[in-house]
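Student: My questions are about this predicted structure, shown below with the sequence.
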Amino acid sequence: MERKLTCIICPLGCQLTAFLDGTAVTAVEGNTCPRGKEYAENECTNPQRTVTSTVRCADGSLVSVKTDRPIPKDKVSDCMVLINKAVAKLPIAIGDVILDDVFGSKIVATQNKS
C-alpha cells in the first residue's frame, strides 16, 4: 500500500510516498533529507499534532495557548474539550502552565496577559 504525504518539517514541502506493509513503513521516497523520512514514518504509524487555541480568563478575556509538545492526533478533540472547560487566572506570562498532563503534554500560555 502507498500513502502520499507532504512533509511539513521544513519549508521545502517535499512530496513523499510512504510504502506500507500493514501498519509498518517499509520505504519512503521523495524526501530530500532524513527528517522527511522520519516525518513520513511517524505520520503513518503514530500521527501527532501540536494544538493551538485560546482559553477563557477569569475576567472573560481570552489568552492564546498551545500544547508544549505534540499529542496523539486521535486525542485532539478530547484535548479541545479540556481546553474549552479551562479558566485561566490573571496575570499570565508566556510559558505559564494552564493545564497540566493533557495526553502527555501541558497547555501553556503563548502570550502575556495582566
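Tutor: Received, thanks.

Student: Identify the residues contacting stretch 41-60?
Tutor: Stretch 41-60 is touched from outside by 3, 5, 18, 20, 23-25, 28, 62-67, 69-73, 76, 79-80, 83, 86-90, 92, 98, 107, 109-110, 113, with contacts defined as C-beta atoms under 8 Å, 6 or more residues apart in numbering. Where you see a C-beta, it was placed from the backbone N, CA and C, and this is true even at glycine.

Student: So for that stretch, first residue to last residue, what's the gap.
Tutor: 42 Å (C-alpha to C-alpha, to the nearest Å).

Student: for this structure, which helix is longest?
Tutor: The helix that spans the most residues within the chain, counting by DSSP state H, is helix 34-45.

Student: Quick check: what element follows it along the chain?
Tutor: If you walk from helix 34-45 toward the C-terminus, the next helix or strand you reach (DSSP states H and E) is strand 48-49.

Student: circling back to that earlier point, from the middle of its chain, how far away would the longest helix of the chain be?
Tutor: From the chain centre to the centre of helix 34-45 is a distance of 15 Å (C-alpha atoms, centre = their mean, to the nearest Å).
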